[in-house]
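Novice: no FASTA, just this:
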């Protein structure tokens, strides 16, 4: 009899445990991060600052290209002069001009690479505090509303109607800060 009661108790314990696990509900949410980022005034300011930096670098690049084109055109024009023309460069001057053009071309390539790196660094610098602020707000909303997972719709192929859009909740949380 004791053995039967023990087995019955174990079975009851296992069945009760299975019911608890089956009733554990997962709460899924999703967020439209691009929409959220575009709605923040800080993002507009960061984007304008980044565009200003990009324009400044582009203007400098255009000046370098104009200088390169002028020197290349001068070289071609001079090279077309007849052999006996006193305005035609000597071989020494011609070689120096070639080096100058090649050096300028190399400077332009280096400038392009450095400009790209500078823009990426500036973008990271400008958006890092914004992303941290958004991340903190998402985590707070998730904790307050007991979400198990929050997904970004930009990286999902599908989300069901059971998933809750928390974009407006996060916007409200950011507005209160």
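Specialist: Yep, it's here. Since we're looking at a predicted model, the values are computed, not measured. Numbering: from 1, shown residues only.
Novice: pass me the low-pLDDT residue ranges in this protein, would you?
Specialist: Low-confidence segments of the chain (pLDDT under 70): 1-24, 177.
Novice: quick one: the helices in it?
Specialist: 2-23, 33-39, 41-79, 91-144, 167-176 (DSSP state H).
Novice: residue 152 is nearest to which of these?
Specialist: With CB to CB as the measure, helix 33-39 is the member of the helices of the chain nearest residue 152 (4.9 Å). All C-beta atoms are positioned from the backbone trio N, CA, C, and that covers glycine.
Novice: what's the offset of the closest one from the middle of its chain?
Specialist: 13 Å (CA atoms, centre = their mean, to the nearest Å).
Novice: same check, this time on stretch 142-151
Specialist: Relative to the centre of its chain, stretch 142-151 is centred 25 Å away, using CA atoms, centre = their mean.
Novice: contacting residues around it?
Specialist: Here stretch 142-151 makes contact (CB atoms under 8 Å, 6 or more residues apart in numbering) with 26-31, 138, 141, 159, 163-164, 166, 169.
Novice: cutoff 6 Å now
Specialist: 26-30 (CB atoms under 6 Å, 6 or more residues apart in numbering).
Novice: and the gap between the nearest residue to residue 137 once chain neighbours are set aside and residue 144?
Specialist: Of all residues not flanking residue 137 in the chain, residue 173 sits nearest, at 4.4 Å (CB to CB, 6 or more residues apart in numbering). Residue 173 is 9 Å from residue 144, where distance means CB to CB, to the nearest Å.
Novice: which one of those two is surrounded by more residues?
Specialist: When neighbours are counted by other CB atoms under 10 Å, residue 173 comes out ahead of the other of residue 173 and residue 144, with 19 against 10.
Novice: residue contacts, that one?
Specialist: Taking CB under 6 Å, 6+ apart, we find residue 173 in contact with 137, 140-141.
Novice: ok, now how distant is residue 39 from residue 113?
Specialist: With the distance defined as CB to CB, residue 39 ends up 34 Å from residue 113.
Novice: ok, now residue 162?
Specialist: Applying CB to CB, the value for residue 162 to residue 113 is 48 Å.
Novice: before we move on, what about residue 139?
Specialist: In terms of CB to CB, residue 139 sits 37 Å off from residue 113.
Novice: the more surrounded of the two?
Specialist: Using other CB under 10 Å, the more surrounded residue of residue 139 and residue 113 is residue 139, with 14 against 10.
Novice: the more buried one and residue 100: what is the separation?
Specialist: Residue 139 sits 57 Å away from residue 100, going by CB to CB.
Novice: pull out the buried residues from stretch 121-131.
Specialist: Residues of stretch 121-131 classed as buried: 122-123, 126-127, 130 (neighbour count, 16 or more other CB atoms under 10 Å).
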